[in-house]
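Q: Fold the following for me, if possible:
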Amino acid sequence: SNRVTMGCIGVGGMGMRDLRAAMANEDVQIIAACDPVSACDQYGHWFKDGWQGPWFGRESAKKVVEDHYRNKMGLADFKGCDAYVDYRELLARDDIDAVTVVTPDHWHAAITNAAARAGKHVLVEKPMDVTVAGCRRMTDLAAARGLILQVDFHKRFDPYHQALRRAVSTRVAARPRGVA
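A: Model (predicted):
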């Protein structure tokens, strides 16, 4: 298959958003979710897209993924997303090509480096790490193994931000002189 199979490590607020964005890509299939939290609805400020009940956590992510593919394929039932507490179990799977790392900042480097050692491509939320040295170790390890390591600067791809960049670079808009 030409599809990229993905596991999502950290499926709280941002992790669920990244999971949904990945599911919208026809070339990606989510097959695993990992979070120490089973299910939680404590983040009421996040957009829930009509979901009722616990919104975050591995079991909630599993349900969102399986509901998505079941509806997309027109099936009565679909089982195809496994839920993990320990990210190392997810990384041990040979059928996962890439992972998202959307955990608390201080975990980014350890999980990203473990993913690289397991041969997985990685999309990690910003900041990459809490130290410059940690960031360098992450990029060096991914490069040495021929893997893609991308930091999620999603606003870079936002149409409004791209339009502003074009306007400034073509001098349609004045260059900013400072931030108020």
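
Q: Looking at the protein, which helix is longest?
A: helix 58-73 (DSSP state H).

Q: got a list of what the closest residue to Ala142 other than its chain neighbours touches?
A: Spatial nearest neighbour of Ala142, excluding adjacent residues (C-beta to C-beta, 6 or more residues apart in numbering): Leu149 at 3.7 Å. Just so you know, the C-beta spots here come from the backbone N, C-alpha and C atoms, and that holds for glycine as well. By C-beta atoms under 8 Å, 6 or more residues apart in numbering, the contact set of Leu149 is 112, 116, 121-122, 124, 138-139, 142-143.

Q: what about Val151, how many neighbours?
A: 19 (other C-beta atoms under 10 Å).

Q: so where's this structure uncertain?
A: The chain contains residues with pLDDT under 70 at 1, 41-54, 173-180.

Q: Show me where it has its strands.
A: Per DSSP state E, the chain carries strands over the ranges 4-9, 28-34, 82-84, 98-101, 121-125, 149-152.

Q: Let's see the first one as PDB, backbone CA atoms only.
A: Provided in PDB are the C-alpha atoms of strand 4-9 (Å, rounded to 0.1, in the frame of the first residue of the first chain):
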ATOM      1  CA  VAL A   4       1.500   6.000   5.500                       C
ATOM      2  CA  THR A   5       0.400   4.100   8.600                       C
ATOM      3  CA  MET A   6       0.600   6.300  11.800                       C
ATOM      4  CA  GLY A   7       0.500   6.000  15.500                       C
ATOM      5  CA  CYS A   8      -0.400   9.000  17.600                       C
ATOM      6  CA  ILE A   9       1.500   9.400  20.900                       C
END
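
Q: Show me which positions of that strand end up buried.
A: The neighbour-count check on strand 4-9 (16 or more other C-beta atoms under 10 Å) flags 5-9 as buried.

Q: ok, now the longest one?
A: Counting neighbours by 16+ other C-beta under 10 Å, one finds that the buried residues in strand 28-34 are 28-34.

Q: Tell me the one of the residues you listed nearest Val65?
A: Ile30 (4.8 Å; C-beta to C-beta).

Q: how many neighbours does the nearest residue to the closest one once chain neighbours are set aside have?
A: In this structure, Ile30 finds its nearest non-sequential neighbour in Val65, 4.8 Å apart by C-beta to C-beta, 6+ apart. Val65: 27 surrounding residues under other C-beta under 10 Å.

Q: for the one 4 residues further on, same thing?
A: Neighbour count for Tyr69, taken as other C-beta under 10 Å: 18.
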